[in-house]
Each structure stands twice: as structure tokens, then as C-alpha cells.
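# the following block contains a protein sequence and its predicted model.
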Amino acid sequence: MQTFNSATTGEPQKSLDVIMGENLGLETATSNVDSPLVSATTGELRKPSDAIIGEDPGLQAVRNSVVCRRRQLIEVKADVGQSNTLHGSFSSPIWRLPTEILSQIFLYCLPEDEHCMYASRQAPLLLTRICRRWREVAVSLPRLWCRLQLEVCHKAWQERAFGYDSWLKRSGGGPLSLRLKCRSDWSKLRSLLQPYIQQISSLSLDFLFCNGPFVMEDFHALKELTIRQYVRDHPEQAIKRSLSKLPVNLRRINMKDLWFDCKQLDCFTASAWARLTHLEIGVDGLNAFTRILRLCPDLSSLKMIGIFYTIEFPELVMHTNLQSLSMSWSVLSNTDEDIGLFEVITLPNLRVLEARHTGRWPHEPFMEFLTRSERPLERLIFAKGVWTTERERAEYAALVPSFELIADHASDFNVDEE
């Protein structure tokens with residue numbers, strides 16, 4: 001007997017008896033005409049095993065083995081059917097989880113990186129490939145799709161752009177945190193993001209080999225901006241032009257990989273930076289530091305890496321809003337020379353000061369700086385590379401409620417008493 005699968009092109013599907021017979025070297029009957037399984041004398045149907053093995057006791061054991069194997073196959077088939085039935089009834093605990101709990105598990109599956117890669121073997125894309133229910137839950141969960149790294153590919157850009165667009169659509173109009181990498185110009189990424197610019201609250205721009213600025217003045221939802229430069233000098237003009245016109249709601253900029261001197265900062269208008277409250281930046285020269293304070297009157301937190309050198313006519317500045325200042329500088333002269341930092345700044349509302357890699361700490365000017373402040377410093381942190389005497393540290397501990405020394409075991413804060 002032959003059976004046919006209606007879902008195929010008409011190829012015959014062999015029955016279990018036929019498969020068993022072929023695997024064991026036996027034949028099965030297909031009809032009762034001209035068949036060796038029909039008795040030549042009586043015309044009665046004989047058992048297949050009788051026709052082949054007769055009364056041979058040795059082959060009788062083979063027959064018994066075939067019957068036993070057939071029973072085992074029937075039992076396996078029944079077990080498979082029962083398993084499919086139970087699976088369809090969501091018998092496994094994972095299939096019975098409520099959507100809310102499954103959604104929380106999915107969120108924990110996201111990579112720890114700040115921005116997710118567009119990769120089929122990583123969450124969240126991987127979660128859409130497990131089963132239909134998981135896909136439905138993942139696609140309908142906007143928080144899975146709010147962080148993405150995008151890069152213009154020279155190959156198959158249209159296909160990748162379609163994938164990026166599908167990803168962003170699943171964010172459901174919520175806030176987006178994006179990282180963009182550019183090796184030529186920003187036009188393709190800028191065009192792709194046009195429908196979503198009012199969702200972008202955090203943006204990271206990686207300037208690799210860019211010959212044009214990234215225009216973001218109309219990104220009204222943007223609050224945080226990070227800029228990285230990997231090739232020195234090449235994209236410098238593109239970065240400057242990108243920073244010349246900033247969104248009105250932008251409050252934080254991280255440019256600690258970039259260095260600005262006073263001349264470069266003079267290219268920026270005060271209106272573009274006036275609303276910033278947090279800034280991380282590299283500065284070249286003491287006047288660059290004071291220039292930043294003038295550009296950003298609302299600044300409450302400043303973290304800077306500086307190359308400082310003594311200048312003849314420093315720019316004096318008072319900043320009334322700065323509350324947290326973190327500094328790390330190198331002095332391009334004698335390390336024992338005071339560069340005059342605390343003589344040129346007055347920060348009456350400073351609460352936290354952190355310093356590292358400063359060399360010899362200017363104790364006397366610093367004490368005068370604290371005296372000029374309207375409110376006392378609440379926290380003073382000296383990290384690696386800040387040299388002070390034991391007596392000076394005792395004064396700071398008595399004056400500042402929280403005075404901390406943070407460094408590895410190999411660091412030495414001590415300098416000899418004068």
C-alpha cells in the first residue's frame with residue numbers, strides 16, 4: 001500500500017511496513033496476485049515471514065526481532081504525537097509565562113553595551129527568531145529598540161538601511177539613544193533619521209574620515225551629545241561646524257577625546273553653548289579653561305583634561321553656577337611651578353573638586369581660592385599624581401567635610417616638607 005502527501009508534488013510516501021522491510025532486507029506484499037506470499041496450492045494469504053523464512057528456527061528469531069522493533073517504532077511515534085500535543089498546550093513553564101514577565105526577561109537579555117549592534121545573533125533581533133510568540137512580544141516592546149549603533153556600509157546599504165528603519169519604527173515613538181559612525185559624509189544617515197529626529201534624546205557621533213558637518217540644530221529633543229575623533233586633524237573642521245549650531249534643549253556634551261585651545265573656542269558663539277550644564281572636554285592652555293567658563297554661564301559640572309602652561313596675561317573669570325569640577329592636567333614646564341590656575345578663577349558655589357595627575361599641588365593659591373568662595377567646599381578628591389605634604393593634607397581634612405585620597409597602591413602622594 002502506498003500513501004501520498006498532499007503537500008508534496010505527488011511523490012509516494014512509503015508506509016512503516018515498507019520501510020521496515022527495506023531496512024531489514026525483507027519484501028512486503030503489494031497485492032494478492034502473482035505474489036510469493038499467496039499459497040500456490042491453497043490460494044490462501046500467507047504471512048510474509050512464512051514465505052521467506054519457512055520453518056527455519058534461526059530465521060524465526062529474526063522475525064521476532066522485526067516484530068519487537070516494529071512495536072518500538074509504534075511506541076516512539078505515539079510519544080512524539082503526545083509531545084506535540086503537550087507543546088501545543090503550553091505545557092512547558094516558559095510557554096506559560098505571562099507577557100509582562102517575558103518582556104522583563106527580554107530586557108535583561110540586551111547587551112550591556114550602551115548601544116546595541118544590528119546583529120541577528122544578538123538581542124533584540126535574536127529574540128524575534130525563536131518562535132512566533134517571542135517575536136510578537138519582542139516586536140511590541142519599544143524599550144528593546146531604543147538603543148542602536150548605525151554605520152554607513154559600502155556594501156548592501158539599502159538592505160541595512162531597511163533593517164535600521166524597521167528597528168527604529170519598533171521604538172514606538174519613545175526616546176532614542178543612537179551612536180552614528182561616519183567614514184565619508186553624513187547624508188545617508190541624516191536622511192535615514194529624518195522621521196525620528198524628534199525622538200533622539202542622546203546622540204553619539206564618531207568622526208572617522210568625515211569631510212562635512214553633522215547638522216543637528218533641528219534635533220529639538222536632543223539632551224546629550226558625545227563626539228569622538230579617531231583621526232587627528234582630518235575631521236577637525238567638520239567637528240567645529242557641527243558644534244557651531246546646537247539644539248536648544250541640549251544640556252550635556254562629552255568631548256573628552258577632543259582638544260581645544262582658546263583660538264578654536266573663539267570660533268563658537270556664546271549663544272550655541274550658553275545652555276550647557278555638563279561638559280567633558282580637553283583643553284590646551286589655561287586661557288582655554290577660562291574661555292569655556294565664559295562660553296557656558298549655566299555650567300554646573302565640568303570635567304576637563306588639560307595641557308597647562310604659564311601665560312603672561314591670564315583671563316580672570318568668575319563663574320557662579322559651577323558646582324562640580326574634575327581636573328587632570330600636565331604642565332609643560334617645571335613641575336614645581338605654579339601655573340596660576342587658582343589665581344584666575346573664582347567659583348563661589350563649587351561643591352566638589354577632583355584632581356589627578358597635577359604634579360605638585362599649589363597649596364597656598366588653593367587655600368586663597370577657598371577663602372574667596374562664598375560657601376565651603378563639601379568634597380575634595382585627590383587621585384593619582386597629586387603631590388602634597390602630610391601637613392597640607394591635614395589642613396584639607398580639617399577644612400573639608402569629605403577629603404579623599406583615591407589611587408592605586410603604587411602611588412605616592414608625599415612630597416618633602418619645605
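Thanks, I have it. Numbers count the residues shown, from 1 in each chain.
# check which helices and strands the biggest strand by length in the chain is in contact with.
Determined from DSSP state E, the single longest strand within the chain is strand 252-261. Secondary-structure packing of strand 252-261 (3 or more CB pairs under 8 Å, 6 or more residues apart in numbering; DSSP states H and E): strand 224-229, strand 278-284, strand 301-308. (Each C-beta comes from the backbone N, C-alpha and C, glycine too.)
# give me the contact list for it.
Strand 252-261 has contacts (CB atoms under 8 Å, 6 or more residues apart in numbering) with 223-229, 239, 276-285, 288, 303, 305, 307.
# go with 6 Å
The contact list for strand 252-261, computed with CB atoms under 6 Å, 6 or more residues apart in numbering, reads 224-229, 278-282, 284-285, 288.
# and it, what's buried?
Residues of strand 252-261 classed as buried: 252-260 (neighbour count, 16 or more other CB atoms under 10 Å).
# by pLDDT, give me the weakest of those.
Lowest in pLDDT among those is Asp257, which has 82.
# thinking again about what came up before, could I get the helices and strands packed on strand 252-261 in TSV, plus columns for mean neighbour count, distance to Ile105 and mean pLDDT?
Formatted as TSV, the helices and strands packed on strand 252-261 follow (neighbours: other CB atoms under 10 Å; distance: least, CB to CB, whole Å; pLDDT from 0 to 100):
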stretch	mean neighbour count	distance to Ile105	mean pLDDT
strand 224-229	19	28	92
strand 278-284	20	34	93
strand 301-308	20	36	89
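# save those strands as a markdown table, and put in distance to Pro98 too.
Below are the helices and strands packed on strand 252-261 laid out as a markdown table (distance: least, CB to CB, whole Å):
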| stretch | distance to Pro98 |
| --- | --- |
| strand 224-229 | 34 |
| strand 278-284 | 40 |
| strand 301-308 | 42 |
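# so which of these is nearest Arg70?
strand 224-229 (69.0 Å; CB to CB).
# given that closest one, what are its sheet partners and their directions?
Strand 224-229 sits in its sheet next to strand 200-207 (parallel), strand 252-261 (parallel), going by DSSP bridges.
# alpha carbons only: can I get the first one in CSV?
Below are the C-alpha coordinates for strand 200-207, written out as CSV (Å, rounded to 0.1, in the frame of the first residue of the first chain):
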residue,chain,number,x,y,z
ILE,A,200,16.5,61.3,19.6
SER,A,201,17.4,62.3,23.2
SER,A,202,21.0,61.0,23.2
LEU,A,203,23.4,61.0,20.3
SER,A,204,27.0,59.9,19.8
LEU,A,205,28.9,60.9,16.7
ASP,A,206,32.1,59.1,15.7
PHE,A,207,34.1,61.2,13.2
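# which parts of it are buried?
Here strand 200-207 shows 200-207 as buried, counting by 16+ other CB under 10 Å.
# what mean pLDDT does it get?
Predicted confidence along strand 200-207 averages 94 (mean pLDDT).
# low pLDDT regions in the stretch 1-150 of the chain?
Along the stretch 1-150 of the chain, the model assigns pLDDT under 70 to residues 1-57, 75-92.
# can you pull out the helices in it?
Secondary structure of the stretch 1-150 of the chain (DSSP state H, counting those that start in this stretch): helices at 16-23, 48-53, 57-88, 93-96, 99-108, 132-139.
# circling back to that earlier point, which member of the buried residues of strand 200-207 is positioned nearest Val386?
For these, the closest approach to Val386 (CB to CB) belongs to Ser204, at 31.0 Å.
# thinking the closest one is in contact with Thr226, fair?
Yes. Ser204 is within contact range of Thr226, at 4.1 Å (criterion: CB atoms under 6 Å).
# do a quick rundown of the strands in the stretch 101-250 of the chain.
Under the criterion DSSP state E, counting those that start in this stretch, the stretch 101-250 of the chain contains strands at 147-151, 176-182, 200-207, 224-229.
# how much space between Ala119 and Arg160?
The gap separating Ala119 from Arg160 is 12 Å, by CB to CB, to the nearest Å.
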